[in-house]
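*Asks:* Got a predicted structure here, sequence first:
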Amino acid sequence: MGMFRTSVAFLLYLAASLGAPVPCEQEVLRLQAELRGLMEVIEQQHHYITGLHSSQAQQLQHIPNSHLSLDDLYRDCSEVFADGNVASGLYVIRPDASPSALRVYCDMNNGGGWTIFQRRTDGKESFDRAWVEYKHGFGDLYSPEGEFWLGNEHLHHLTSPGRYELRVNMEDFEGNQRFAEYKDFKVDDEKDQFALHLGEYSGDAGNAMANGPSAGLEFSTYDQRNHREKPDDASCIRHSKAGWWFSRCDAGNLNGHYYNGPYQAMSDDGVVWYTWHGWWYSIKSVVMMVRASDLAEHVPPPLPGQHGP
C-alpha cells in the first residue's frame, strides 16, 4: 500500500513541476484528477482486503484446536473427542492419508467423535454438481445449519486407515426422526471412482443401501456416470439431480433435489430413503457422518436425556 502511495505522489509532483505552457494546464489538471481518483480506488481496495483478513481471522478463532504443528493435528473427530473436547463445532484435523489439514464439523452427540461430511437442511445449496466439485467439496461448512459436501477425496483420506462406521440422521417434515448406521464404511480413491464399501446395518430407518455397496459401488455424477454392478440402473443416474453411489436406483439417494415439502417430488429424484418413506417422499433434513469404530466400542453409555447410538 505504501509503494502505491509513493508512486502516485511522485507522479503528482512530476506533473506539477513540468512547467507546461498555458494551453497544457487543463490537461495537467485532468491528469492530476485521474491520479487522485486512482488513489481513492486503491484506498478502497486496501480497506476491502483489510476487512477480508479481519473476517478470516475471526472465523479461525472459532475453530478450537490445541495443536499447531501439522504433524500433531488430530486425525479425525474421534481423536478430538477422545482428547476431552466435548463441544460440537469446527476443528482442524489431518487424516493420516491426507497431504494437508482441513477444517471439519465434529458432532459430539450420539456417543461423540463424529466427523460430518454431508448436511441437508433447507435446499439453499445445490447438490446438482459436477464430478470435480464432489471430489473437492462444496457448500457452507461454517454455519451450524449450512448445507455442504466435505469432498470425496477427503472422505477417502479419512476412511483409508483403520475401520470407520457411518451414521445417517434423518428428519421428515412432521418432525419424526430416524437413523441408519453401517459398519466398515470406506471410500476408495479417485482411480477406483470413489467406490463405497459398507458393512453390517443397524438402526430404525431401514437398510436402503442394501445389496449394493458391500463389494464397492462407484460414485456417479451427471458428467461422469459409473455403474458397473447394475447397468440397467444407468437411467437413474441420468435423471437424478445429484452425485451419489446409486444402488437400486434412488432407493437411498440423500444428495437428491431438495423439495420444500414431503410430497412435491414429481419423480423419485428427491432426498430419498426408500425404506422409511418410499420413493416419492423427499426428506426434510439429513446429516451423514463417520467415526472410528474402535472409539464406538469404548465410549461410555449416553447420559439420561441424550440420544443413544
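*Replies:* That came through fine. Numbers count the residues shown, from 1 in each chain.
*Asks:* okay, and for the stretch 201-309 of the chain, where does confidence drop off?
*Replies:* Along the stretch 201-309 of the chain, segments meeting pLDDT under 70 span 211-215, 227-241, 248-250, 264-267, 296-309.
*Asks:* can you give me the helices in it?
*Replies:* Under the criterion DSSP state H, counting those that start in this stretch, the stretch 201-309 of the chain contains helices at 234-239, 274-277, 293-296.
*Asks:* what's in contact with the second one?
*Replies:* Outside of helix 274-277, the residues that reach it under the criterion Cβ atoms under 8 Å, 6 or more residues apart in numbering are 170, 172, 178, 205-208, 248, 250-252, 262, 283. (Glycine included, C-beta is placed from N, CA and C.)
*Asks:* What is the nearest of these to D223?
*Replies:* D250 (18.4 Å; Cβ to Cβ).
*Asks:* re earlier: among the contacts of helix 274-277, which ones are in strands?
*Replies:* 170, 178 (DSSP state E).
*Asks:* May I see the contacts of helix 274-277 arranged in TSV, with distance to G199 and neighbour count as well?
*Replies:* Formatted as TSV, the contacts of helix 274-277 follow (distance: Cβ to Cβ, whole Å; neighbours: other Cβ atoms under 10 Å):
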residue	distance to G199	neighbour count
M170	20	23
D172	26	17
R178	20	18
A205	17	20
G206	16	17
N207	12	18
A208	15	22
R248	18	16
D250	22	27
A251	18	23
G252	15	26
P262	31	16
I283	23	23
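*Asks:* how about the contacts of helix 274-277 in JSON lines, adding distance to E218?
*Replies:* Output for the contacts of helix 274-277, formatted as JSON lines (distance: Cβ to Cβ, whole Å):
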{"residue": "M170", "distance to E218": "24"}
{"residue": "D172", "distance to E218": "29"}
{"residue": "R178", "distance to E218": "27"}
{"residue": "A205", "distance to E218": "24"}
{"residue": "G206", "distance to E218": "23"}
{"residue": "N207", "distance to E218": "20"}
{"residue": "A208", "distance to E218": "18"}
{"residue": "R248", "distance to E218": "15"}
{"residue": "D250", "distance to E218": "16"}
{"residue": "A251", "distance to E218": "16"}
{"residue": "G252", "distance to E218": "15"}
{"residue": "P262", "distance to E218": "30"}
{"residue": "I283", "distance to E218": "24"}
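*Asks:* Looking at the contacts of helix 274-277, spot the one nearest D96.
*Replies:* Of all the contacts of helix 274-277, D96 sits closest to G252, with 28.7 Å by Cβ to Cβ.
*Asks:* how about the nearest residue to that closest one, chain neighbours excluded?
*Replies:* Leaving aside its chain neighbours, G252 sits nearest to A208 (3.4 Å; criterion: Cβ to Cβ, 6 or more residues apart in numbering).
*Asks:* Quick check, that neighbour in contact with A180.
*Replies:* Yes: contact criterion Cβ atoms under 8 Å: A208 and A180 qualify, at 7.2 Å.
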